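# show me how the following folds:
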Amino acid sequence: MKLLIDVGNTLCKYVTFQQGELSVIKSIETHLINQQWLAENFPIVEQCIVSNVNDSNLNQIITSWCESERIDYCFVESEAEKFNIRCAYDDPSTFGVDRWLGLIGASTLFPNQATLIIDAGTATTIDLLTSSGIHQGGWILPGINLMFSSLVQNTKKVFATPKNINQIAFANNTTDAVNQANWAATIGCINTAIKTAHEQYLPEDDTLLIVLTGGNAAKLKQLMTVECEFIEKLIFVGMNRYNANKGLK
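Numbers count the residues shown, from 1 in each chain. Model prediction:
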């Protein structure tokens with residue numbers, strides 16, 4: 001069995017891969033991860049692949065567990081090029097590993113297809129990958145919840161509470177106005193990214209696939225006016241390309 005762990009700032013998400021399939025995504029609060037929890041929950045693991053945007057101390061916890069159980073392991077880092085994917089960043093080490101894995105995951109599921117990857121989580125990231133595997137760069141903006149809290153906490157007379165919306169519309173009260181604007185701003189940014197991709201980076205006859213992932217992706221798909229693919233496990237699809245026997249330990 002292969003264990004794939006995505007360590008985030010607040011939550012650690014994980015799946016297993018066996019018999020050719022990824023399991024459902026499960027999660028635990030990141031600060032609760034320790035060797036005892038790993039041993040109790042994963043008694044039979046042959047490989048462990050990890051991406052970590054949190055404290056590097058967690059790498060040592062996972063390393064100690066893997067070595068004590070004789071499990072092959074590797075920690076994924078962003079690279080200049082791998083699996084025929086080329087990163088646009090001059091310094092790939094500054095490119096978030098979650099975005100890197102999104103590129104790899106999209107290329108795995110949709111080979112030779114120009115793709116705009118939107119990861120809508122704490123931050124919303126947008127990255128363009130050409131059909132030949134060239135990353136053209138991307139954007140980072142605050143996620144829906146972060147955008148909401150930033151406005152409410154930094155203004156004296158904007159009182160609002162988070163609220164689900166079913167469609168983009170103008171609002172007649174402050175709560176709706178803030179919630180509507182957060183989603184509209186995010187969708188507007190994505191639409192601008194689509195326009196920019198076609199006008200500046202892609203041949204006229206090249207189609208562009210829009211891929212959504214992350215915690216707010218399902219809701220975004222409902223509100224978007226263009227066709228999108230929602231891939232919940234996109235990062236894990238990318239992570240699964242790595243083989244601990246061949247990867248960097």
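
# can we go C-alpha only for contacts and neighbour counts from here?
Noted.

# give me phi/psi at the residue nearest to Asp98 when sequence neighbours are not counted?
For Asp98, ignoring the flanking residues on the chain, the nearest one in space by C-alpha to C-alpha, 6 or more residues apart in numbering is Ile235 at 6.6 Å. Backbone geometry at Ile235, expressed as degrees, to the nearest 10, gives phi -60, psi -40.

# who's the residue lying closest to Asp72 once chain neighbours are set aside bridged to?
Nearest residue to Asp72 in three dimensions, chain neighbours excluded: Gln47, at 4.8 Å (C-alpha to C-alpha, 6+ apart). Beta bridges link Gln47 to Lys2, Asp72, judged by DSSP bridges.

# need the pLDDT of Gln47.
pLDDT for Gln47: 96.

# isn't it up against Tyr242?
No. Gln47 lies out of contact with Tyr242 (C-alpha atoms under 8 Å); the separation is 10.1 Å.

# what comes into contact with the longest helix belonging to the chain?
Assignment by DSSP state H gives helix 174-196 as the longest helix of the chain. Contacts with helix 174-196, where a contact means C-alpha atoms under 8 Å, 6 or more residues apart in numbering, come from 116, 118, 124, 126, 144, 147-148, 158-165, 168-171, 208, 220, 224.

# quick one: contacts for Leu202?
Counting by C-alpha under 8 Å, 6+ apart, Leu202 has contacts Thr130.

# gap between it and Thr125?
Taking C-alpha to C-alpha, to the nearest Å as the measure, Leu202 falls 20 Å from Thr125.
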